[in-house]
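# Fold the following and give me the result.
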Amino acid sequence: MLKGNFFRGLGYLGEGFQLIRQPGLRLFVVIPLVINVLLFGLLFYFLADLFSELITTAMNWLPDWSWLQSLDWLFWILYGGVILLMLAYGFVIVANLIGSPFYGYLAELTEKHLTGQEVSTDDSWSAIIKDIPRALWREVQKIVYYLPRAIGLFVIGLIPVVNLVAAVLWFLFNSWMMALQYVDYPADNHKVSFRALRSLLGETRLSAFGFGLPVALAAMVPILNLVVVPAAVCGATAYWVRENGATRK
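Modelled structure (predicted):
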């Protein structure tokens, strides 16, 4: 039997957007956000330059009299759409890798804001820097968990008739992964293993799906996905404080 509250879970992302505006939390929202914007701006620039060369090459293959020569603008529209979608889906993975040390500390500050209690005693910049390898390894664990299941769903999507169910399974799986991804930050601060976290989320699975659903949708929207990551971290911390406490009652 599924436990938790789906509608309560839906509210955590909205709470996260409110929390990232708190003065004590803004710095650890802005720093990874600026890094990610710069990174993806450069990526978009170089991809645009590469695609420009590909369009020129393709146009040179066409006869001068061909009406297709006048459709280079269409290639640019298609390019923009494809790149935006690629960035939308890829942004969350890369943003989490880059910002993981900051997001762990953001989760710690958010929990302190919500509970008034210290999570750890070492809050120096040197501690954040030293924590980078461990934080990156935690992200790798999530990717290793995600990839085989994603590949399995991809294979299911290739099977006629069965692939009708694949879209629903993908959506549910992505919602679950978003909850797992972000609740992991406060869980890691409490030295909860990734395996134990999956079990804890399973105890309030409906709440987990409720939280992960809007995060998964927001991550697909360009521009919005720039701010959804820190908001999801804060919302996931609120989830951890309330849902994890609920499972202990």
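
# any chance you could map the helices in the protein?
6-19, 27-61, 72-115, 125-130, 132-156, 163-189, 194-203, 205-219, 224-239, 245-248 (DSSP state H).

# could you dump those to TSV with mean pLDDT?
Written out in TSV, the entries for the helices of the chain read as follows (pLDDT from 0 to 100):
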stretch	mean pLDDT
helix 6-19	93
helix 27-61	71
helix 72-115	71
helix 125-130	63
helix 132-156	81
helix 163-189	85
helix 194-203	90
helix 205-219	91
helix 224-239	89
helix 245-248	47
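
# show me the contacts for residue 190.
With C-beta atoms under 8 Å, 6 or more residues apart in numbering as the criterion, the residues that contact residue 190 are residue 119. All C-beta spots, glycine's among them, are computed from the backbone N, C-alpha and C.

# picking up where we left off before, hey, which of the helices of the chain is tucked in deepest?
Burial among the helices of the chain, expressed as mean neighbours by mean count of other C-beta atoms under 10 Å, is greatest for helix 224-239, which shows a mean of 26.

# Which secondary structure elements does that helix sit against?
If contacts are counted by 3 or more C-beta pairs under 8 Å, 6 or more residues apart in numbering; DSSP states H and E, helix 224-239 sits against helix 6-19, helix 27-61, helix 72-115, helix 163-189, helix 205-219.

# now those in CSV, with distance to residue 135?
What follows is those, written out as CSV (distance: least, C-beta to C-beta, whole Å):
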stretch, distance to residue 135
helix 6-19, 20
helix 27-61, 12
helix 72-115, 4
helix 163-189, 8
helix 205-219, 20
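
# So which of those helices is nearest residue 226?
In this view, those are compared for proximity to residue 226 by C-beta to C-beta, and helix 27-61 is the closest at 6.4 Å.

# Looks like residue 166 contacts residue 152 (just checking).
No - contact criterion C-beta atoms under 8 Å: residue 166 and residue 152 do not qualify, at 10.1 Å.

# any idea how far the nearest residue to residue 215 once chain neighbours are set aside lies from residue 101?
Once its chain neighbours are removed from consideration, residue 215 has its nearest residue in residue 178; the separation is 4.1 Å (C-beta to C-beta, 6 or more residues apart in numbering). In this structure, residue 178 and residue 101 are separated by 20 Å, where distance is defined by C-beta to C-beta, to the nearest Å.

# same deal with residue 189?
Distance of residue 189 to residue 101, given as C-beta to C-beta: 12 Å.
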